[in-house]
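A.B. asks: Predicted structure and sequence below. I'll ask about it afterward.
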Amino acid sequence: MEDSRSPRVMYFSSDQGKTFSQALLPSASTEQFYSILDGDEDMLFMHVDNPGDTYFGTMYTSDDRGILFSKSLERHLFDGHRKSDFTNITSLRGVYLTNKLDVDGRIRSVISFNRGGAWRQLDKPENVDCEAHVKKCNLHIHGEHSRKNGIVPMVALSDATAVGLVIAHGSVGDSLSSSQHPDVFVSSDGGYSWKGTLKGPHLYSILDSGGLIVAVEAQHSGQVKTIKFSTDEGQCWKLYNFTEQPFFFAGLASEPGTKAMSVSVWGFRPEDDGQPMWVAVTIDFQSLITRECSKKDYEVWLAHSTEEKDPGTNGCVLGAKETYRRLKKESVCRNGRNYVVKKKQSPCLCTREDYICDYGFYRHVNTSECVKQPDATNKTMEMCLNGQEDELLTTGYRKVASDRCEGGFAPRLSAQTVRPCATPSTSSPLTSTSYVSHFDTPEERLVLILVCAGAAVIVLTAVISAALVVRRMVYRTREPEYRFSNLRSQDDSSCITADLLSTTSSNGTVYQQESDNLILQDFTGSVTHSSISLT
């Protein structure tokens, strides 16, 4: 911020803070904020809030320098508590899940399989029906916003060792509903297809690198004594009574990662004197699943494979095909702690889908060709980075960060014109910083205007630089202030088969998260712990 009345701008450094360059993002007023949703060495996901209490903003993705940003998703849900439903599905490369607030005020889930290049709604599970009056039926996933409001006890769960496996709470219909009881849905292919598996809210955990899933019903008022477990990625669930005396369920925990074969269920049981007695039960599934997996228990699986794609390009996402070795659903065996995910990767021919529109270009709806923005026509696009002026000469395409395609479609990129950029005097603390100015609104695409000072204003620049030093010292002592608003809610006998068409809900209570302070207030009871091995 230049001063308390000026907007905020974002700067990035890729050399551990030695130099900073201003990102080509819309500026944020004092009523807005930035949020880095996810990032790695290849690209960043950035949310820029809309002005006012709108509870949404625009999501951008960066190039590999963190400087040039392209619009990825509009009306991205982000509530007043700075909570976002944005989720990285770590069980499959390039998959991200989030929710958006549409113009009709409804929240709808969207998923991307190419790191934000394109978003689409989730397909309805085949084993779940929508209400008759719903014209367009999709699956919508509850995220951090729903967890914050006590609608679900936990958000979507995935892990890199459990290839393709995703577990999440959701509902089917036109949009995400807070009045409809959330159910548990499972995907085995990274989010392309889903299956309804459990009615009502649950706490769940992935064990044995995806070879085992466990879940406990999150009842708010009742007591529990049963844990559900599945060895076939949620197609069939078995029940096990882990205690003779039920207790009020408080949590489900396993060691970090998904290598473990044991899980702990904990809660409290009221005693005769009115004081609660805390109980923790550890269930070890190694005594149930005793056989170590062999080669015949695994299958070869092509990620991102769908029937809609051409056989030649089937599985090609982000420029590569990835083939995994993973456990068959019908195999009841133990992966073990030494299990390592094995995959083979081969490059694909480049297509237009491997490119996004470069800065100053955009795609028409339902087309793959990048054309120049009308408001950028006949304008020179330049930027100053680290003392050099780059004129951005491009045909309008930029390969998606981390894309690994080879050959095929290759837009002819013009050579860049690089010349020295007039910068402030070397005494300025901003000498190694970029000097990019831009003005826009979050609804408009970015228009870059380069402002490089000439030699005639060197003296004036030195004075301004000195003022910036003083101002920087002043602002270091000030705490930033933020103003946010709350987002208001909208409206076989031992096997549970994954068919939600015929099953009825055993839990009619919406899960509400209890406060630890309330639970532990005046607590003087005792704690017991037991460990169970299944036989």
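C.D. replies: Received, thanks.

A.B. asks: Quick check, central residue of the protein?
C.D. replies: Thr87 (1.7 Å; Cα atoms, centre = their mean).

A.B. asks: Spit out the contact partners of it.
C.D. replies: Tyr96, Leu97, Thr98, Gly143, Val155, Ala156 (Cβ atoms under 8 Å, 6 or more residues apart in numbering). All C-beta spots, glycine's among them, are computed from the backbone N, C-alpha and C.

A.B. asks: Try it again at 10 Å.
C.D. replies: 37-38, 95-99, 111, 141, 143-144, 155-158, 166, 168, 191 (Cβ atoms under 10 Å, 6 or more residues apart in numbering).

A.B. asks: Just the ones of these in helices?
C.D. replies: Members of the contacts of Thr87 lying in helices (criterion: DSSP state H): Glu144.

A.B. asks: which one is Arg147 nearest to, not counting chain neighbours?
C.D. replies: Leaving aside its sequence neighbours, Arg147 sits nearest to Val155 (Cβ to Cβ, 6 or more residues apart in numbering; 5.5 Å).

A.B. asks: give the contact list for that neighbour.
C.D. replies: Contacts of Val155 (Cβ under 10 Å, 6+ apart): 85, 87, 97, 141-148, 167-169.

A.B. asks: With pLDDT and distance to Val279 added, can I get those residues in JSON lines?
C.D. replies: Formatted as JSON lines, those follow (pLDDT from 0 to 100; distance: Cβ to Cβ, whole Å):
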{"residue": "Asp85", "pLDDT": "95", "distance to Val279": "33"}
{"residue": "Thr87", "pLDDT": "96", "distance to Val279": "32"}
{"residue": "Leu97", "pLDDT": "97", "distance to Val279": "35"}
{"residue": "Ile141", "pLDDT": "97", "distance to Val279": "32"}
{"residue": "His142", "pLDDT": "96", "distance to Val279": "29"}
{"residue": "Gly143", "pLDDT": "95", "distance to Val279": "31"}
{"residue": "Glu144", "pLDDT": "93", "distance to Val279": "29"}
{"residue": "His145", "pLDDT": "91", "distance to Val279": "32"}
{"residue": "Ser146", "pLDDT": "92", "distance to Val279": "28"}
{"residue": "Arg147", "pLDDT": "92", "distance to Val279": "25"}
{"residue": "Lys148", "pLDDT": "90", "distance to Val279": "28"}
{"residue": "Ile167", "pLDDT": "98", "distance to Val279": "25"}
{"residue": "Ala168", "pLDDT": "98", "distance to Val279": "28"}
{"residue": "His169", "pLDDT": "97", "distance to Val279": "26"}
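
A.B. asks: For Pro411, state which of these is nearest.
C.D. replies: Checking the contacts of Val155 against Pro411 with Cβ to Cβ, the nearest one is Leu97 at 30.2 Å.

A.B. asks: circling back to that earlier point, quickly list what the residue nearest to the centre of the chain is bridged to.
C.D. replies: With DSSP bridges as the criterion, Thr87 is bridged to Leu97.

A.B. asks: Kindly report the same for Leu207.
C.D. replies: Counting by DSSP bridges, the residues bridging with Leu207 are Leu212.

A.B. asks: Could you count how many residues lie near it?
C.D. replies: Using other Cβ atoms under 10 Å, Leu207 is surrounded by 24 other residues.
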